[in-house]
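Visitor: quick check, what structure comes out for this input:
(one chain, ligands or ions: 2)
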Amino acid sequence: MQDTAVEIDRNAAPDADTSRQIASLSQHLSSGLIGRSPLVERLLIGLLTGGHLLIEGAPGLAKTRAVKLLSQGVDASFARIQCTPDLMPADLTGTPVFRPDRGEFEFVRGPVFHSLVLVDEINRAPPKVQSALLEAMAEHQVTAGGATYPLPDPFMVVATQNPIEHEGTFPLPEAQLDRFLLHVVLDLPDAVAEREILDLVERETTVTPAPDVDQLSPEILHQAQAAAMQVHLAPALKDYIVRLVTATRDPEIAPDVRRAIEHPISPRGTLALAAAAKAHAYLAGRDYAVPEDVVELATDALAHRIVLTWRAAADGETARNLVHQLLKQVRPL
Ligand SMILES: Nc1ncnc2c1ncn2[C@@H]1O[C@H](COP(=O)(O)OP(=O)(O)OP(=O)(O)O)[C@@H](O)[C@H]1O
Ligand SMILES: [Mg+2]
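Guide: Residues are numbered from 1 along each chain as shown. Ligands and ions are numbered 1, 2, ... in the order given. Okay, the predicted model is just below:
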């Protein structure tokens, strides 16, 4: 038993060069995103777990900037899709085009066939486009005209959503929100950060741009992904994650929270929180996860998977608040 544990630990020890390159990507993101270390961490967690991110925030909070910085730091193709109500699924996935010289149709791949895809204002895209995208995200492939085309590896979607605009939008159905590993909510910066942003952007526009960053290669990314997956999640920590998730179903654990929930969290939430906690531990330079990793990611990994009862919603309750309640009532063993 002891031997096995030692063996696992040795295998999971993060390779120094890989960790160094991930740290330098993290540094590249942090230096360009003032006061946004949680966002930087979550972008890296998405990258390490192969998960997709939904970022919600008012206009001008550097959502686009964040994804552009990520695409500069990773040697992977990048595409941006600006969603509008007249977008069609084929604008995203691709279209069969007739080639008269060959007398046949050729599938021309759409922007979703890139490694890093920024989908701006996803809630302005009509439901058919949303479901085509979310299907591609879940299956890592696109089916068109009876043929199946695999998406690249790595493949990560970062979708943005603006919470203040409701006119002419199509809210993502709850069942599809579930496809995102994390739902990150950005709030407004404080005065100190605001001033730093002003200085940073001024520097960028007046001083010659910084030299190009070392891009993370797909090989190193794969190594980092493997190391993050091998992070040790102790049985007690797995139980903690399971109790947090099942508390949204079982009225015994946290009755007042359970009462406010119409649809509880599915096993996908359990898997998402476990993967995110492991990647968080890896980023902290550990080859084992601790309860703080789970607590840190619980809200962003779980809240968007909860559907409130209409009464709770009418009373102004929020899913994020319910997860905060759960974290107070369900403690690690
Ligand atoms: N935390 C921050 N760090 C650095 N720059 C920032 C930060 N917040 C905002 N900015 C600056 O604000 C401007 C707007 O950023 P960006 O276009 O990325 O916002 P956005 O969230 O994508 O907005 P929209 O929702 O309208 O698309 C950019 O010039 C960006 O540099
Ligand atoms: Mg933007």
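
Visitor: I'd assumed Leu116 was in contact with Pro218.
Guide: No. Using CB atoms under 8 Å, Pro218 is not in contact with Leu116, being 11.7 Å away. Glycine gets a C-beta too; all of them are placed from N, C-alpha and C.

Visitor: got phi/psi on the residue in the stretch 151-300 of the chain positioned nearest to ligand 1?
Guide: Of the residues in the stretch 151-300 of the chain, the one nearest ligand 1 is Ile197, at a distance of 4.4 Å by CB to the nearest ligand atom. Listed backbone geometry of Ile197 is phi -60, psi -40, with angles given as degrees, to the nearest 10.

Visitor: wait, doesn't it sit right on Pro189?
Guide: Yes. Here Ile197 reaches Pro189: they are 6.6 Å apart, a contact under CB under 8 Å.

Visitor: mutual contacts of the two, please.
Guide: For the pair Ile197 and Pro189, residues contacting each of them under the criterion CB atoms under 8 Å, 6 or more residues apart in numbering are Ile34.

Visitor: what distance separates the host helix or strand of Val40 from the centre of its chain?
Guide: Following DSSP states H and E, one finds Val40 within helix 37-49. Helix 37-49 has its C-alpha centroid displaced from the chain centroid by 7 Å (CA atoms, centre = their mean, to the nearest Å).

Visitor: cool, and stretch 278-293?
Guide: Relative to the centre of its chain, stretch 278-293 is centred 17 Å away, using CA atoms, centre = their mean.

Visitor: which positions in it come out as buried?
Guide: For stretch 278-293, burial by neighbour count (16 or more other CB atoms under 10 Å) applies to 278-283, 286-291, 293.

Visitor: can you lay out the residues you listed as CSV showing pLDDT, secondary structure and distance to ligand 1?
Guide: Formatted as CSV, the buried residues of stretch 278-293 follow (pLDDT from 0 to 100; DSSP: H, G, I helix; E, B strand; the rest coil; distance: CB to the nearest ligand atom, whole Å):
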residue, pLDDT, secondary structure, distance to ligand 1
Lys278, 97, helix, 27
Ala279, 97, helix, 22
His280, 97, helix, 21
Ala281, 97, helix, 26
Tyr282, 96, helix, 25
Leu283, 96, helix, 19
Arg286, 95, coil, 27
Asp287, 94, coil, 31
Tyr288, 97, strand, 32
Ala289, 97, coil, 28
Val290, 97, coil, 28
Pro291, 97, helix, 29
Asp293, 97, helix, 24
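
Visitor: that older thread, and the helix holding Val40, does that touch ligand 1?
Guide: No. With CB under 6 Å from any ligand atom as the threshold, helix 37-49 lies outside contact range of ligand 1, at a closest distance of 8.3 Å.

Visitor: check which residues of that helix are buried.
Guide: So helix 37-49, judged by 16+ other CB under 10 Å, has buried residues Leu39, Val40, Glu41, Arg42, Leu43, Leu44, Ile45, Gly46, Leu47, Leu48, Thr49.

Visitor: and the helix or strand following that helix, which strands flank it?
Guide: Later in the chain than helix 37-49, the nearest helix or strand by DSSP H and E is strand 53-56. Neighbouring strands of strand 53-56 in its sheet, by DSSP bridges, are strand 156-161 (parallel), strand 182-185 (parallel).

Visitor: and the last one, what's its mean pLDDT?
Guide: I take that to be strand 182-185. This predicted structure assigns strand 182-185 an average pLDDT of 96.

Visitor: likewise for the longest one?
Guide: Per-region confidence: strand 156-161 scores 94 on mean pLDDT.

Visitor: got it, and stretch 315-328?
Guide: Taken as a whole, stretch 315-328 carries a mean pLDDT of 95.

Visitor: for that stretch, C-alpha coordinates in CSV please.
Guide: Presented in CSV, the C-alpha positions along stretch 315-328 are these (Å, rounded to 0.1, in the frame of the first residue of the first chain):
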residue,chain,number,x,y,z
ASP,A,315,-37.0,36.3,-3.3
GLY,A,316,-33.7,37.4,-4.8
GLU,A,317,-31.8,34.2,-3.9
THR,A,318,-28.8,33.4,-6.2
ALA,A,319,-27.1,30.1,-7.0
ARG,A,320,-23.7,31.6,-6.1
ASN,A,321,-25.1,32.5,-2.7
LEU,A,322,-26.4,29.0,-2.2
VAL,A,323,-23.0,27.5,-2.8
HIS,A,324,-21.5,30.0,-0.3
GLN,A,325,-24.1,28.7,2.2
LEU,A,326,-23.1,25.1,1.4
LEU,A,327,-19.4,25.9,2.0
LYS,A,328,-20.3,27.2,5.4
